[in-house]
Each structure stands twice: as structure tokens, then as C-alpha cells.
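A.B. asks: Mind folding the following:
(one chain, ligands or ions: 1)
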Amino acid sequence: MDNFARLLKESWTLVEEDRDRLIGHFYARLFLLDPDLRKLFPVQMAAQRDRLVEAIVTATQVVDDPESFDEYLRSLGRDHRKYHAAATHYETMGVALLDALRSTAGDGWNLEYDQAWRDAYAAISEKMQAGAAADDDPPFWHGEVLTHERHGPDTAVLTVRALQHPLRWKAGQYVSIEAPRHLPRVWRTYSVANAPNDDNVLEFHIRTPAGAGWLSGALVRRTRPGELLRLAAPMGSMTLDRESTRDILCVAGGVGLAPVKALVEELTRWNRTRWVHVFYGARHADDLYGLAGLEELVAAHPWLSVTPACSDDPDFDGEHGEISDVVTRYGPWTTHDCYVSGSAPMVRATLRALAEDEVPPPNIRYDTFGNL
Ligand SMILES: NC(=O)C1=CN([C@@H]2O[C@H](COP(=O)(O)OP(=O)(O)OC[C@H]3O[C@@H](n4cnc5c(N)ncnc54)[C@H](O)[C@@H]3O)[C@@H](O)[C@H]2O)C=CC1
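C.D. replies: Residues are numbered from 1 along each chain as shown. As a prediction, this is how the structure comes out:
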């Protein structure tokens, strides 16, 4: 690790345990420096607070990897056009961030750390602004909900038509969504569950246990066909490598099926030679809402196979156990391109299993929206 990355990671440990104070200080300073910025954030700041910390943790994690850092930040800049973020906003945020870091870290902070964060922030905001400036798309799309299907109390599958302008995404990517009618200015990321198409129609799989996830709750329980949502620029690197000739392993936990379904749909358009195996895990058989759709694809494509598994359902007629353990039982996966999608603990466990199989890291793709 070079010195710059070391300084960022080392200094982050001084504030990591004190995130609430860091975030509180950041927003207090930000709105004092520019009271107009308050209008860009949701009325209920509780829904917003940890977004900043997630973004910072992600940026410090990828700083060692210039290529993904670059693309991640450019797409984040495109995505931030939905907030109408201007150059002066980036500057003000930088001042507030440095101030919050200094005061939260206290005596452990030093000039070297200060300079490393200034440089990192300058690089981050320059790349984000370059990404935004190079984007010809609208800052966000209005999208009309076409269909809304409930699967049990906590899960919904929605289709949304992006209006006014083509929305180009790659299979495996995600977009952020706002439901202005229910929660203005609260945006959350969701993977697109279908392959790109000329109809501008995007499918989303959303799950929220009762009481959790404000926007997901509104999208599952209150959204109806005909309602207007907003969608922002596609992001994410969990996309297919068309040059590769390796067979493909996909591991999906719960609604983590969404990007995997998009990847498989995309493969149906051109794949003839690569074997594709999907492991699809849920807690109970009733939660396997996407299994029937996958089985239809299996029937039509000889290169595709699917193994469903349940972790908490002794009566399930199939594989039992955490999906990462099931994947291990069928391995090794050393020569495959691997795609992993699900909750952060599920992704972590699956990455460990693949590391034990000595799958080369460049052959593994996953997006956890900064939550690993
Ligand atoms: N691109 C992505 O990575 C996407 C991720 N997601 C995330 O996927 C998650 C899905 O949640 P739910 O539908 O509630 O599914 P869930 O959390 O009920 O997942 C059940 C499946 O995950 C596995 N799992 C859970 N914890 C595990 C652990 N510690 N180790 C190994 N396996 C584990 C179980 O074995 C089971 O197969 C959400 O957190 C959502 O944010 C959703 C869409 C896309």
C-alpha cells in the first residue's frame, strides 16, 4: 500500500468508531457554511445521515485501485447531477468534511493526515465533476410505474418506464430511485433486474421487513401503477465481460437475485458456449419469488442451470444451508467468472468461499453499494 492510502486508512481508524459525531459535525458545519444546501437534503435527516459515511468508506477502500476508483467516482458524479450539485457545493462539502474529521479525531490528527484527506477530496471531487460534465443525459428520469406485484408481505417486483429520454444501463448495474410522492429527496440504490431494452422499461425487486427501510417500505407497500418515480444515472461494475470465455457462476441471496436475473437475460441474447450456473438462496421456500422465472429460462437455454437453496426451512425439497456453503459444496470454482449479489454478510461469506477455491480476484464481481 502506498503512503497516501496508508495515511487515509490510518486516519480513518481515528474516527471510525465515532461516526455519529463525525456525521453530526459535518452536517452542522455544512448548513452553517451554506444554509441553501439544506433544501437539497430530505426533511428527515435520519434517512440521509449515514449515506455520507458509506460514500467515504467506499472511496477510501478503492483508493488503492485507480481504475475502479476512477470509474466509480465518475459514475457517482453523473448520479449526483440529480441533486443539481454545483462546483461551489463540492468546495463547501470539502471544507465541512475536513472540519468534521479534525474535530472528531481530536489529538490523534496531524498535518500529514490533513493533507492526505485534502488531496483525496480534491481528487474525488475533480473526478465526480468531470463525470458529471461529460454526461449528456438528463440529471434524472421521470419513471412511470407500469406494474407492481407483491410476493408475500415484504417483497415486490416493479416495472417502471423511464419517460422523456432513453435510459441506457448495462445488465448488472443499479440506479438510485426517489419516490417524491412518499419521501421527497430520499434516494436509494436498487439493482435493475432486467437486461437493457428498447422500451425503456426497468424492473426492480424490492424487499423490506416490516418497519425497516423507509423508501423500500414505500415502494413495496404504498406504490401503485401509474405513480411517478424518479430514476438517476446507472452505476456499478458487476457487468459481463464479453471477451471472457470462462464459464459463469452467479450467487444470489434474496432480492440480490435482481442483477443476476439481468445478467442471465443478457446472456440469453448471445451466449452459446459458456456454462452458466446460478445459486439462488433464501431463508424459506416462500421467499424464492424468482425461482419460477429462472426455471423458465433454464427450460429454454441448455447452457443454464439453477440450484435453489434455503437456509431456514427444514421442509424445503432441495439444498439446505447458507448459500455460501452450498456454493462450496459444488466447487471448486477456480476457473469461473463469478458474480455475487446479496446482503453484505452473504457477499462477505461467499467471497471467503471463493478465495478458498483460489478464484483470482479479477474474476469476481460484486457491488454492495459501499456496505461491505
Ligand atoms: N447488487 C447487489 O449486491 C444487491 C444486493 N441486494 C441486497 O441483498 C439483500 C437481500 O436481502 P433479502 O432479500 O432480505 O435476503 P436475505 O437476507 O433473507 O438472504 C437470504 C439468503 O442470503 C444468505 N445469507 C444471509 N446471511 C448470510 C451469511 N451471513 N452468510 C452466508 N449467507 C447468508 C442465506 O443463506 C440465504 O440464501 C439486501 O440486503 C439487499 O440490499 C439486493 C439487490 C442487489
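A.B. asks: Do a quick rundown of the helices in the stretch 251-372 of the chain.
C.D. replies: Taking DSSP state H, counting those that start in this stretch, the helices of the stretch 251-372 of the chain run over residues 257-270, 291-300, 323-330, 344-356.
A.B. asks: Which residues does the first one contact?
C.D. replies: I take that to be helix 257-270. Contacts to helix 257-270, defined as Cβ atoms under 8 Å, 6 or more residues apart in numbering, come from residues 171-174, 190-196, 203-205, 236, 238-240, 242, 248, 250-252, 274, 276, 278, 280, 290, 293-294, 297, 300-301, 304, 339, 341, 367. For glycine as for every other residue, the C-beta is placed from the backbone atoms N, C-alpha and C.
A.B. asks: where's that helix relative to the chain centroid, distance-wise?
C.D. replies: Computed by Cα atoms, centre = their mean, to the nearest Å, the separation of helix 257-270 from the middle of its chain amounts to 17 Å.
A.B. asks: Relative to Asp135, how far out is Arg224?
C.D. replies: For Arg224, the distance to Asp135 equals 31 Å [Cβ to Cβ, to the nearest Å].
A.B. asks: Of these two, give the one with the bigger neighbour count.
C.D. replies: Per other Cβ atoms under 10 Å, whichever of Arg224 and Asp135 has more neighbours is Asp135, with 16 against 8.
A.B. asks: is it true that that one lies in a helix?
C.D. replies: No: the assignment for Asp135, made by DSSP: H, G, I helix; E, B strand; the rest coil, is coil rather than a helix.
A.B. asks: Could you pull up the contacting residues of it?
C.D. replies: Shown in contact with Asp135 (Cβ under 8 Å, 6+ apart): 77-78, 81, 233.
A.B. asks: How about His182: what's its closest non-neighbour residue?
C.D. replies: Once flanking residues are discounted, His182 sits nearest to Ala218: 3.9 Å by Cβ to Cβ, 6 or more residues apart in numbering.
A.B. asks: And Asp313, by the same measure?
C.D. replies: His284 (4.4 Å).
A.B. asks: What of Trp275?
C.D. replies: Asp247 (4.2 Å).
A.B. asks: close enough to count as contact, that neighbour and His277?
C.D. replies: Yes: proximity of Asp247 to His277 meets the contact threshold set by Cβ atoms under 8 Å, at 7.5 Å.
A.B. asks: Looking at those two, which is more packed in?
C.D. replies: Ranked by neighbour count (other Cβ under 10 Å), Asp247 and His277 place His277 first, with 18 against 15.
A.B. asks: surely that one meets Cys250?
C.D. replies: Yes: taking Cβ under 8 Å as the definition, His277 is a contact partner of Cys250 at 7.2 Å.
A.B. asks: which residues touch the residue nearest to Trp275?
C.D. replies: 274-277, 335-337.
A.B. asks: What of Pro314?
C.D. replies: By Cβ under 8 Å, 6+ apart, the contact set of Pro314 is His320.
A.B. asks: now Asp313
C.D. replies: Neighbours of Asp313 in contact, by Cβ under 8 Å, 6+ apart: 283-285, 320.
A.B. asks: and the ligand, which of those residues reach it?
C.D. replies: Intersecting the contacts of Asp313 with the contacts of the ligand gives Arg283 (criterion: Cβ under 6 Å from any ligand atom).
A.B. asks: Throw the contacts of Asp313 into TSV and include distance to Ser103, neighbour count and pLDDT, thanks.
C.D. replies: Putting the contacts of Asp313 into TSV (distance: Cβ to Cβ, whole Å; neighbours: other Cβ atoms under 10 Å; pLDDT from 0 to 100) gives the following:
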residue	distance to Ser103	neighbour count	pLDDT
Arg283	43	14	96
His284	47	13	96
Ala285	51	14	97
His320	51	13	98
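A.B. asks: just checking, which of the contacts of Asp313 belong to strands?
C.D. replies: Counted as lying in strands by DSSP state E, out of those, are His320.
A.B. asks: still on that earlier bit, can you tell me which of the contacts of Asp135 are classed as buried?
C.D. replies: Burial by neighbour count, 16 or more other Cβ atoms under 10 Å: within the contacts of Asp135 this picks out 77-78, 81, 233.
A.B. asks: how about the residues of the stretch 101-250 of the chain that lie near the ligand?
C.D. replies: Counting by Cβ under 6 Å from any ligand atom, the stretch 101-250 of the chain sits next to the ligand at 191, 207.
A.B. asks: Can you pull out the low-pLDDT segments for the stretch 101-250 of the chain?
C.D. replies: Residues of the stretch 101-250 of the chain that meet the criterion pLDDT under 70 lie in 210-212.
A.B. asks: one more time with 50
C.D. replies: Scanning the stretch 101-250 of the chain for pLDDT under 50 picks out no residues.
A.B. asks: the helices in it, which residues?
C.D. replies: Using DSSP H, counting those that start in this stretch, helices in the stretch 101-250 of the chain cover 111-133, 214-221.
A.B. asks: Find the residue closest to Val201 in space, skipping its chain neighbours.
C.D. replies: That would be Arg161: by Cβ to Cβ, 6+ apart, it lies 5.1 Å from Val201.
A.B. asks: My error: substitute Val145 in the last question.
C.D. replies: Glu227 (4.8 Å).
A.B. asks: Any chance of a markdown table for the helices of the stretch 251-372 of the chain, columns distance to the ligand, mean neighbour count and mean pLDDT?
C.D. replies: Listed next are these as a markdown table, based on distance: least, Cβ to the nearest ligand atom, whole Å; neighbours: other Cβ atoms under 10 Å; pLDDT from 0 to 100:
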| stretch | distance to the ligand | mean neighbour count | mean pLDDT |
| --- | --- | --- | --- |
| helix 257-270 | 5 | 22 | 98 |
| helix 291-300 | 12 | 13 | 97 |
| helix 323-330 | 4 | 20 | 97 |
| helix 344-356 | 3 | 18 | 96 |
